[in-house]
Structure formats: C-alpha cells, structure tokens
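*Asks:* Sequence and predicted structure below; questions after.
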Amino acid sequence: MSARIVVSADGRKAFESWRQAFAAVAPDVDVCSWYDPAWQPQPGDYALIWKPRSEHMERLAQMKGIVCTGAGVDHLLAHTDFPRNIPLVRMGGGQTARLMADYVIWAVLGLLRGARTWAASQEQGVWYNNVCSRTSDTTRVGVMGLGHLGAYVAQALSRMGFCVSGWKRSPAELDGVTVWHGMDNLPSFLAEVDILVNLLPSTPATDGLIDYGLLSHLPKGAGFVNVGRGRHVVQDDLLRALDDGTLSGAVLDVVTPEPLPQDSALWHNPRLTITPHVASEASREAQARYAVDVVAMLERGETPALLCDVARGY
Ligand code: NDP
C-alpha cells in the first residue's frame, strides 16, 4: 500500500509502540509520527488519532482520511473545528467486539448471581450465603444500541442461553435477538428486561436518556450495565433508583467525569461495581491491522463499515 499513515494517537511518547505494532502487522506500510518535526502533511496522508488538540485541526483538515482508535467519536464531533468533510472511520474489528462481549458477559453474570455481595462479604471476612436460583435461560437481557458492538454482544448473550432483546433507532432483524426500534417502543422494550445493557453512542439524542423515568419502566429490581458513555446516564437518578430498589445493582464502566473524582457518591454505593473505562480496548497490533485495512479500503474507493455519519453523530 503506498498511502502513508500519520500517528497522533496517544501523544508524542507513544509513537514507538505504534511503530512496532505496524512493523509487526504490516511492515511495508509507511508510518510516521505526527510529532516528528520533519513531517509535513502530504496529499494522500491518513491520520490515526484519539484525542487531537485544537491546534491539530488545521493539519487534520489536510488528511485524505481519519481513523479513530476509539469506537466512540463524540469527543471529536464536539470540536467545532474538527474537519467534517473527510472520511472518519471508527475503531472496529473482531477483538474490539469480543473484548466488549467478554466484559458484558462478566457484568451480566455478576448481577445475576449477586457477585458484588460476595466480594464485599469476603473483604469483611463474613460467610454470607446468598444462594441464587435464577438462571440465564429465564433472565431477559436488553441491549440498547445494536451496532457493531451491541449486535455482537446481544448475539453472544443469546448463544449463552439468555433471552435477549435489543433497541435501536431503525428497524432490523438479528438472529436470536428480539429487536425493538424507536422512542415509541422504548417503554415496551424496557418492560421485558431484567438486566439492561447500554451500548449506545453519545449523541444529542442519547445523552441524558437514561434517567429515573426510563429506569422506572424496567421491572422492579432490574440490573443495569453501562458500557456506552457516562453522559447517557443522569447519575443522581441512577443513585435514586439504586436506593429505592428500582434497580438491584449496576455495573458502570463509564461515568462522568472520568476519572471519577474521589469524593463522588458513586464510589461508596454498595450496589454499584465501577471499572475504569476498560471494557474494550483492542491491542496495538489489532488496532494497527484495522487501520491498515481501513486505509486500503478507502484507497480502493470502498466504504468501510464503520464510516461515521457526521450528521447522525455516530
Ligand atoms: P455503532 O455506531 O455501531 O452502533 C450504535 C447503535 O446505537 C446502532 O444500533 C444505532 O441504531 C443505535 N442508536 C444510535 N442512536 C440511537 C437513538 N437515538 N435511539 C436508538 N438507537 C440509537 O456503535 P458501536 O456499537 O461501535 O459502539 C457503541 C458505543 O460503545 C460507542 O459509541 C462508545 O460510546 C461505546 N464504547 C465503549 C467502550 C468501553 O470500553 N466502555 C469501548 C468502545 C465503545 P441504528 O443501527 O438503527 O442506527
């Protein structure tokens, strides 16, 4: 491939690890650092980015295409100067989806069996015998967002025997999953969900969507897993739902802000498990392989599956 990939992801110091990753998976691809003083943008350069600074926007506008190392691009579209007329492709690939499915399976099983209470009892040296007779095949899991990650996660849960439904913007069919779509159907979808998983992208339409009113549509004592974005959830409403039994427990991989401040009430809620935004980040090699494949597709004039629709916001 003759195209050049310019890496700005993870800042100045990380380039060496990216160089090694590209050398391992695509040694013939020309890769250089955004921060190399000798680098000047050339027509046909592609950028690999994560969180570019404002002063990078002018150079980004000279790229032929941009690959983001994250699946969520909300932080990029929030920049008023981010170039919107250049193909922007979100991170994907099999490893990203498998990692997410592994995390969600862990979280859902943890909520099903009340694993949070085991950990707390062990810390206190207490033999707390909370035997659980609920099984996966009678537990209904609902996935909000059935895109690249959500569809994979929903089908992985379905293969494990859970009763799985999903909710998205437009109508669709998905093997093993009952699919609901649109705001009008949201209450009906929620009414039949024992454990709700959020895998929506952050957009003006989805930020703040998960509030007390939404959670109240779930059967009383439902569980909740957030792997989308912290902004989707009204955190005070979540705490209220945990306190009054609307929810029996929740697992949050994403919160607002990140990192979560030490004095946040979320840390101390006994029904919450918090992880530091670690659900799914593919290895450098997998990300490099994906970036090379995307650039090759764009060079051939093809449309990558995860090309961002800037107007839609995902
Ligand atoms: P996609 O863009 O592939 O899928 C988004 C899904 O959400 C689609 O099914 C879409 O519906 C649906 N959707 C979007 N807007 C609405 C709406 N207003 N109402 C109903 N449904 C809506 O995203 P991915 O699956 O790749 O990623 C999802 C999110 O996961 C990312 O944006 C990111 O925030 C988060 N993420 C978190 C990670 C972590 O480590 N915690 C790692 C990676 C991603 P339709 O198909 O009908 O358009």
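*Replies:* It's in.
*Asks:* Strands along the stretch 1-150 of the chain, start to end?
*Replies:* Listed from the start of the chain, the stretch 1-150 of the chain has strands (DSSP state E, counting those that start in this stretch) covering 4-7, 30-33, 45-49, 65-68, 88-89, 140-144.
*Asks:* Quick one: neighbours of the closest residue to the ligand within the stretch 1-150 of the chain, just the number.
*Replies:* Nearest residue of the stretch 1-150 of the chain to the ligand, counting by CB to the nearest ligand atom: Gly147, 1.7 Å away. C-beta here means a position set from N, CA and C on the backbone, and glycine is covered the same way. Residues contacting Gly147 under the criterion other CB atoms under 10 Å number 18.
*Asks:* Also Arg4?
*Replies:* As a burial measure, the neighbour count of Arg4 was computed by other CB under 10 Å and equals 18.
*Asks:* First-to-last residue distance for stretch 209-223?
*Replies:* From the first residue to the last, stretch 209-223 extends over 17 Å; the measure is CA to CA, to the nearest Å.
*Asks:* May I see the buried residues of that stretch?
*Replies:* Within stretch 209-223, the residues scored as buried using 16 or more other CB atoms under 10 Å are 209-211, 214-215, 217-218, 222-223.
*Asks:* what residues are up against Ser248?
*Replies:* Taking CB atoms under 8 Å, 6 or more residues apart in numbering as the criterion, Ser248 is in contact with 111, 221-223, 271.
*Asks:* cool, and Ile105?
*Replies:* Here Ile105 is in contact with 156-157, 160 (CB under 8 Å, 6+ apart).
*Asks:* For ChimeraX, what selects the buried ones among those residues?
*Replies:* In ChimeraX, a selection of the buried entries from the contacts of Ile105 looks like this (16+ other CB under 10 Å):
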select :156,157
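*Asks:* Which of the contacts of Ile105 fall in helices?
*Replies:* The members of the contacts of Ile105 that map onto helices under DSSP state H are 156-157.
*Asks:* Same list (the contacts of Ile105) but as JSON lines, adding pLDDT and distance to Thr117.
*Replies:* What follows is the contacts of Ile105, written out as JSON lines (pLDDT from 0 to 100; distance: CB to CB, whole Å):
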{"residue": "Ala156", "pLDDT": "98", "distance to Thr117": "26"}
{"residue": "Leu157", "pLDDT": "98", "distance to Thr117": "23"}
{"residue": "Met160", "pLDDT": "98", "distance to Thr117": "22"}
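*Asks:* nearest residue to Asp28 other than its sequence neighbours?
*Replies:* Met1 (7.1 Å; CB to CB, 6 or more residues apart in numbering).
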